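Participant: Requesting a structural model of the entry that follows:
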Amino acid sequence: MTTKDLEQIVKKSITTISWDAIKLLIQPSIEIEKTDSNVHKTGDSKLGGLPDVPLNFVWPSHHHHPYRFIAQFNLTKLATHTDLPSNGLLSVFVADTPEKEYFWGDDGYAKVFWFDNSKKLSPCQHPQGFQQPFISIKLVPSVALPLREDLIRNSLLSPEQMEELQFEILERQCKEMNHLLGYPFFSTLAYDPRPDETWVSLLNLASIQELDWCWHDGDFLMLFIEKEKLAKGDFSNIQSDAG
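Facilitator: Residues are numbered from 1 along each chain as shown. Just a heads-up that it's a prediction; the model follows:
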């Protein structure tokens, strides 16, 4: 969705909120869309499967258990309208096991790595032989609004206007709310999941049955990064929540 698309939706469907008030809330976002491809080339964007990593990559572990790889995103084909690196591969792991013994709010629950284009990548097997299917995806530059009143500070929009805005946008998107950047999207939380105003949303992922993803009883996994570190391409400190 472009800013122009969003403006058309608002001006056509929402009469109680001015476009000038809404456009102040717009943030760049990257939509994650599933494709029908069952072929994966090394370095392609995907959910699940095996990670493509450099030769010297050390698989992360948490309390002696290997992390689970959940996604990789090829940033090279994206327009440079965000603070994400303009090239390379972003790879995401979480401290998840079949027994679900780790909590998504724990420090270090998620690990994010960035591999630049100079690295030769190849698929890497899970240390314990864990297998999972993959879903091919494409990344689409977009824009986002905060569709929960919990996410807005010093806004002129009332809770009723936020509810109207959420309904109109989601009704037309028909998305699973998988995206990079933008705003977090959640179902059951009653608070802003970002640690504080110096942190921004990095990744939002819905529960997906075919990948055995069930975040907080079928809700959403959200990853956050400090604004300053994102601008530097430093993914060493990631916080998470789910709901």
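Participant: Now do the strands in this structure.
Facilitator: Assigned by DSSP state E, the chain shows strands spanning 27-34, 46-48, 52-54, 61-62, 65-66, 68-74, 89-94, 110-115, 121-123, 134-144, 179-181, 199-206, 220-226, 238-242.
Participant: And the ones you listed: which comes nearest residue 162?
Facilitator: Residue 162 lies closest, by C-beta to C-beta, to one member of the strands of the chain: strand 134-144, at 14.1 Å. To be clear about C-beta, it is placed using only N, CA and C from the backbone, and glycine gets the same treatment.
Participant: and that closest one, which residues are buried?
Facilitator: 134, 135, 136, 137, 139, 141, 142, 143, 144 (16 or more other C-beta atoms under 10 Å).
Participant: by contact count, what packs against it?
Facilitator: In this structure, strand 134-144 makes packing contacts with strand 27-34, strand 46-48, strand 179-181, judged by 3 or more C-beta pairs under 8 Å, 6 or more residues apart in numbering; DSSP states H and E.
Participant: And the pLDDT at the closest residue to residue 50 other than its chain neighbours?
Facilitator: Distances taken as C-beta to C-beta, 6 or more residues apart in numbering place residue 123 nearest to residue 50, at 4.5 Å, with adjacent residues excluded. Among the per-residue scores, residue 123 holds a pLDDT of 97.
Participant: Quick check, residue 123 in contact with residue 57.
Facilitator: No. In this structure, residue 123 is not within contact of residue 57 by C-beta atoms under 8 Å, at 11.0 Å.
Participant: between these two, which one's more packed in?
Facilitator: residue 57 (16 against 11; other C-beta atoms under 10 Å).
Participant: residue contacts, that one?
Facilitator: With C-beta atoms under 8 Å, 6 or more residues apart in numbering as the criterion, the residues that contact residue 57 are 113, 124.
Participant: Distance-wise, check it relative to residue 235.
Facilitator: Between residue 57 and residue 235 the distance is 14 Å, computed by C-beta to C-beta, to the nearest Å.
Participant: Likewise for residue 83?
Facilitator: With C-beta to C-beta as the criterion, residue 83 and residue 235 are 12 Å apart.
Participant: Looking at the two, which one has more neighbours?
Facilitator: Set residue 83 next to residue 235 and count neighbours by other C-beta under 10 Å: residue 235 wins out with 20 against 15.
Participant: what residues are up against the more buried one?
Facilitator: Residues in contact with residue 235 (C-beta under 8 Å, 6+ apart) are 90, 112, 113, 114, 225, 229.
Participant: got TSV for the residues you listed, with pLDDT, distance to residue 193 and neighbour count too?
Facilitator: Shown next, in TSV, are the contacts of residue 235 (pLDDT from 0 to 100; distance: C-beta to C-beta, whole Å; neighbours: other C-beta atoms under 10 Å):
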residue	pLDDT	distance to residue 193	neighbour count
90	98	20	21
112	98	17	20
113	98	23	18
114	97	23	17
225	98	13	25
229	97	18	18
